[in-house]
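Asks: got a sequence here, can you model it:
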Amino acid sequence: MARQSLSELRRRAYVALEQGPVGERFGALVDQLLLSLIVVNLIAVALESVPALNARYGVVFEAIEYVSLVVFSADYALRLWSAVEHGPHRHLTATRARLKYALSPAGIIDLLAVLPFWFAALLPLDLRYMLVFRMVRFFKIARYSPAMRSLLDVLYNERRALFGCLVITLGTALVAAAMMHLAEATAQPDKLGTIPDALWWSIVTIGTIGYGDVVPVTAFGKLIATATIFVGLILMALPIGIIANAFSEQIHRRDFIVTWGMIARVPLFAELDAAEIADIMKLLRAQLVEEGEVIVREGDHAHSMYFIAAGSVEVHLDNKKMRLETGQFFGEVAVLKKERRSGTAVALTRTNLLALAAQDLHALMKRDKRIAERIKDVVEKRTGHKVAAKNTKVEDE
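Replies: Predicted coordinates for the structure are as follows:
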């Protein structure tokens, strides 16, 4: 019995710290508190480096650090303990699952965010190095930012192409340095007398920095510098283009997977095959609403209907309240009747929606009879009106 309670407690810790289900308030609150603490830490580190502010508010900065150290240490310990609940790790032993987390990039960052400060209590360390390690906590934000996670994934996936760009750039810098040394060694022996000396000039020129402490004075040297500048623009554009293109593909891929998963949770689309779901995905638009946010308001124009992929929505209609859960839909009546909204829909929890535009709804109902019949049945139950089979308009019985 105690073992089951411990296992349940570990599962709850995992859900609270990792990505829990949509609408999970406690998990969302924990994420917000940890994210806020990270931001406060970064601000405190920056301000603490100012001697005047450190002298005046040193006690406050120290209190922030101690609180952060305790919270981040507890965060790391709980993540390490609950790592066995991670889906891909459930087939592993508890030791191997925790080792997987500890050696993962996120686990290493979590450890670096706290370990040096525990060592500092036992060993004398330079405070400047401690400030640098505190800045490592910035990378913990990646856990809460899909954009940062996507960017890190892109950098990892394109590591070979980026390494190739680095090799080409360094090779070009070395060639440019050798040519500039040949052209300027006699005129500027103190600055370009050796290839290593000239390498500094070539790096800042190819990097488009143009530091200006070393410039060519001969005609041949200026010609080499001109060519190096143009080549540098091309070389700097290569990694930018690779990252931008891969980042765009990563975002589209993530949105595709998220939308597919959301569609799969809607019973209305459960009987569709992969090709039909892929076709419907072109019509649906994913939307995330926070708790208490008004989705549609009474009297508004009806541009779309909505499917609830995850979460809860409350519809206020004719002095009555109706609670809708995952898999249900709303807003279809006003769209079919081409009238203004007759009620107001409010998100009861953090909710994932799939919006379907009015013209796409009519096209979908004409194309798929199963979906059309299901929507008609729901409309008839909610309104007491019958939906005509041919033109999908609502008529009085």
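
Asks: contacts, neighbours, all on C-alpha from now
Replies: OK.

Asks: which residues touch Ala106?
Replies: The contact partners of Ala106, by CA atoms under 8 Å, 6 or more residues apart in numbering, come to 140, 143.

Asks: make sure it is indeed in a helix.
Replies: Yes. Counting by DSSP: H, G, I helix; E, B strand; the rest coil, Ala106 is part of a helix.

Asks: do you know the pLDDT at it?
Replies: At Ala106, the model reports a pLDDT of 82.

Asks: would you mind measuring from it to Gly232?
Replies: 35 Å (CA to CA, to the nearest Å).

Asks: likewise Asn157?
Replies: 25 Å.

Asks: tell me which of these two has more neighbours.
Replies: Remark: of Asn157 and Gly232, Gly232 carries more neighbours, 21 against 13, as counted by other CA atoms under 10 Å.

Asks: report the distance from the longest helix anywhere in the chain to the chain centre.
Replies: Assignment by DSSP state H gives helix 219-264 as the longest helix of the chain. Relative to its chain's centre, helix 219-264 lies at 19 Å (CA atoms, centre = their mean, to the nearest Å).

Asks: and that helix, what does it pack onto?
Replies: Where contact means 3 or more CA pairs under 8 Å, 6 or more residues apart in numbering; DSSP states H and E, helix 219-264 is packed against helix 146-157, helix 159-184, helix 195-206, helix 274-281, strand 304-310, strand 351-357.

Asks: same thing but at 10 Å, please
Replies: Helix 219-264 is packed against helix 146-157, helix 159-184, helix 195-206, helix 274-281, strand 284-289, strand 304-310, strand 351-357, with contacts defined by 3 or more CA pairs under 10 Å, 6 or more residues apart in numbering; DSSP states H and E.

Asks: to Phe72, which of these lies closest?
Replies: Proximity to Phe72, assessed across the helices and strands packed on helix 219-264 by CA to CA, is greatest for helix 146-157 (19.9 Å).

Asks: make JSON lines out of the helices and strands packed on helix 219-264 and add distance to Val214 and mean pLDDT.
Replies: Shown next, in JSON lines, are the helices and strands packed on helix 219-264 (distance: least, CA to CA, whole Å; pLDDT from 0 to 100):
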{"stretch": "helix 146-157", "distance to Val214": "33", "mean pLDDT": "79"}
{"stretch": "helix 159-184", "distance to Val214": "11", "mean pLDDT": "94"}
{"stretch": "helix 195-206", "distance to Val214": "6", "mean pLDDT": "92"}
{"stretch": "helix 274-281", "distance to Val214": "57", "mean pLDDT": "72"}
{"stretch": "strand 284-289", "distance to Val214": "54", "mean pLDDT": "83"}
{"stretch": "strand 304-310", "distance to Val214": "61", "mean pLDDT": "86"}
{"stretch": "strand 351-357", "distance to Val214": "57", "mean pLDDT": "86"}
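
Asks: let me see the mean pLDDT of stretch 65-75.
Replies: 88.

Asks: I'd guessed Leu151 sits against Ile251; true?
Replies: Yes. Counting by CA atoms under 10 Å, Leu151 touches Ile251, with 9.3 Å between them.

Asks: need the helices and strands packed on helix 219-264 in JSON lines (columns: distance to Leu324).
Replies: Shown next, in JSON lines, are those (distance: least, CA to CA, whole Å):
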{"stretch": "helix 146-157", "distance to Leu324": "28"}
{"stretch": "helix 159-184", "distance to Leu324": "46"}
{"stretch": "helix 195-206", "distance to Leu324": "60"}
{"stretch": "helix 274-281", "distance to Leu324": "22"}
{"stretch": "strand 284-289", "distance to Leu324": "15"}
{"stretch": "strand 304-310", "distance to Leu324": "8"}
{"stretch": "strand 351-357", "distance to Leu324": "11"}
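
Asks: these: which one's closest to Lys366?
Replies: helix 274-281 (13.2 Å).

Asks: and that closest one, what does it pack against?
Replies: helix 219-264, strand 351-357.

Asks: tell me which of the ones you listed sits most buried.
Replies: strand 351-357 (a mean of 23; mean count of other CA atoms under 10 Å).

Asks: pull that strand out as PDB, backbone CA atoms only.
Replies: Taking Å, rounded to 0.1, in the frame of the first residue of the first chain, the C-alpha atoms of strand 351-357 are listed here in PDB:
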ATOM      1  CA  THR A 351      -8.200  24.800 -23.600                       C
ATOM      2  CA  ASN A 352      -7.000  23.700 -27.000                       C
ATOM      3  CA  LEU A 353      -9.500  24.400 -29.800                       C
ATOM      4  CA  LEU A 354      -9.700  23.600 -33.500                       C
ATOM      5  CA  ALA A 355     -11.500  26.400 -35.400                       C
ATOM      6  CA  LEU A 356     -13.300  25.700 -38.700                       C
ATOM      7  CA  ALA A 357     -14.300  28.600 -40.800                       C
END
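
Asks: which elements pack onto the helix or strand hosting Thr95?
Replies: Per DSSP states H and E, Thr95 falls inside helix 94-103. In terms of contacts (3+ CA pairs under 10 Å, 6+ apart), helix 94-103 is packed against helix 51-81, helix 105-112.

Asks: run the angle between it and helix 51-81 for me.
Replies: 150 degrees (axes from the mean of the first three to the mean of the last three CA atoms, to 10 degrees).

Asks: still on that earlier bit, rounded mean pLDDT for the longest helix of the chain, please.
Replies: Per-residue scores along helix 219-264 average to 84.

Asks: adjust the sequence numbering to begin at 782 for everything that follows.
Replies: Happy to do that; since the first residue is 782 now, the last one works out to helix 1000-1045.

Asks: that helix vs helix 927-938, what angle?
Replies: Using the same axes, to 10 degrees, helix 1000-1045 lies at 120 degrees relative to helix 927-938.

Asks: just how off-centre is stretch 814-833 within its chain?
Replies: With CA atoms, centre = their mean, you get 22 Å for stretch 814-833.

Asks: go through it and flag the buried ones.
Replies: 815-816, 818-819, 822-823, 825-826, 828-829 (16 or more other CA atoms under 10 Å).

Asks: between the residues you listed, which is closest to Glu866?
Replies: Looking across these and measuring by CA to CA, the closest to Glu866 is Leu815, at 20.6 Å.
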